[in-house]
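Peer 1: starting from these lines, generate the structure:
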Amino acid sequence: MKGFVISSWDFSSGAARQNPPEVQKLLAENWYHCQRDAAGLKDWLIANQIPEAVVDSLLADDTRPRFEKYSDDCFLVILRGINLNQGAEPDDMLSLRILWFKGALLSTRKVPSRAVTKIINQLEQGIGPLNLPDLLQAMANSINGIISGFLSPVEDTLNEMDHNVKADPKELNAIYSRLLRLRRYLKPQRYVLEDLIQAEIEVLTGHKNHFKNCLDTIVRMNESIEFYIDQVNLYFANINQRQAETMNRNTYLFSVIAGLFLPAGFFTGLLGVNIGGIPGVEDPLAFPLFCLGLILIVAIEIIILKKLKFI
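Peer 2: Numbers count the residues shown, from 1 in each chain. Now for the predicted structure:
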């Protein structure tokens, strides 16, 4: 029956795996991890007396990270995590929706989440969370840990570019685009934890400091992303400056060369006019003397430009 329940665990006395096909109704102190786009999930949630508006928020196709408190025993947490599935772009962040309802915890996903899979593996080994507040905290910490691990190579790459005079613009563009996508979801994720802490939820009272530590981690990652974006912008500015300097230097060089040959071009154009009376037409030494004269003019120009510090 319950093909939409991926994994379920009973935390009433430790953590014990439940058999998903036997899941009929929500029980307090139980965690249900569900496939969000599976048929029958919405009807099952509504049948368990979860308000339809809450169900719609839990199953919405596109949503940003947020926290919503509906009552003292019902709240929704939506987080975004790195997509580490094969063939996916890591910065194409996946959504993890978590609903606390009357002592039960439900989580939904559309594609597998490495953060949740890690927790399930820990539970199977008997080293995972021991209660639902621990589980909620573990999910947030696991998501943060994966994001932090993803940012470490970005930091290493940017540090290497500090010692590399020629940064690759294509690589910078890829990093910049990735950081912008991460910032898009991590910035509101900070407000999710802030709202969760300020909500003063009774069942999470003993974990308030843990969630504050989780919030500090998100704040630090947001600050790191902002710093990396500024660093990439600085690299782009340096690249543009070098390109502008090269272009200006080449333009200046061509201008000087054109200035050197301007008088020579004038004289050759003047003497090349097909009109009678041009001096030296009958003299065999006229052409060599004319060439020497042009060379002398160019030499004098070079001396003048050097004294004026144009060269």
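Peer 1: residue 129 belongs to a strand?
Peer 2: No - assignment of residue 129 by DSSP: H, G, I helix; E, B strand; the rest coil gives coil, placing it outside any strand.
Peer 1: any idea which helix or strand carries the closest residue to it other than its chain neighbours?
Peer 2: Excluding its sequence neighbours, the residue lying closest to residue 129 (C-beta to C-beta, 6 or more residues apart in numbering) is residue 135, at 4.2 Å. The way it works is simple: take the backbone N, C-alpha and C, and place the C-beta from them, glycine included. Assigned by DSSP states H and E, residue 135 belongs to helix 132-162.
Peer 1: helix or strand right after that helix?
Peer 2: According to DSSP H and E, the helix or strand after helix 132-162 is helix 169-198.
Peer 1: angle of that next one against helix 132-162?
Peer 2: Relative orientation of helix 169-198 and helix 132-162, computed by axes from the mean of the first three to the mean of the last three C-alpha atoms, to 10 degrees: 150 degrees.
Peer 1: same for helix 169-198, what does it pack against?
Peer 2: strand 66-71, strand 74-81, helix 132-162, helix 208-271 (3 or more C-beta pairs under 8 Å, 6 or more residues apart in numbering; DSSP states H and E).
Peer 1: contacts only, for the residue nearest to residue 129.
Peer 2: 11, 31, 105, 119, 128, 129 (C-beta atoms under 8 Å, 6 or more residues apart in numbering).
Peer 1: just flag the most distant two among the residues you listed.
Peer 2: The distance between the two most remote of these (C-beta to C-beta) is 13.4 Å, for 105 and 128.
Peer 1: doesn't residue 107 make contact with residue 36?
Peer 2: No - at 9.4 Å, residue 36 and residue 107 do not qualify as touching, with contact defined as C-beta atoms under 8 Å.
Peer 1: send me stretch 40-57 as PDB with only the CA atoms.
Peer 2: Included here for stretch 40-57 are C-alpha records, laid out as PDB according to Å, rounded to 0.1, in the frame of the first residue of the first chain:
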ATOM      1  CA  GLY A  40      -1.600   8.600  -2.700                       C
ATOM      2  CA  LEU A  41       0.600  10.600  -0.400                       C
ATOM      3  CA  LYS A  42      -1.600  13.700  -0.300                       C
ATOM      4  CA  ASP A  43      -4.800  11.600   0.400                       C
ATOM      5  CA  TRP A  44      -3.000   9.800   3.200                       C
ATOM      6  CA  LEU A  45      -1.800  13.000   4.800                       C
ATOM      7  CA  ILE A  46      -5.300  14.500   4.600                       C
ATOM      8  CA  ALA A  47      -6.800  11.200   6.000                       C
ATOM      9  CA  ASN A  48      -4.500  11.700   9.000                       C
ATOM     10  CA  GLN A  49      -6.200  15.000   9.700                       C
ATOM     11  CA  ILE A  50      -3.400  17.300   8.500                       C
ATOM     12  CA  PRO A  51      -5.000  20.500   7.200                       C
ATOM     13  CA  GLU A  52      -5.000  20.700   3.400                       C
ATOM     14  CA  ALA A  53      -3.200  24.100   3.400                       C
ATOM     15  CA  VAL A  54      -0.400  22.500   5.300                       C
ATOM     16  CA  VAL A  55      -0.300  19.500   3.000                       C
ATOM     17  CA  ASP A  56      -0.200  21.900  -0.100                       C
ATOM     18  CA  SER A  57       2.800  23.700   1.500                       C
END
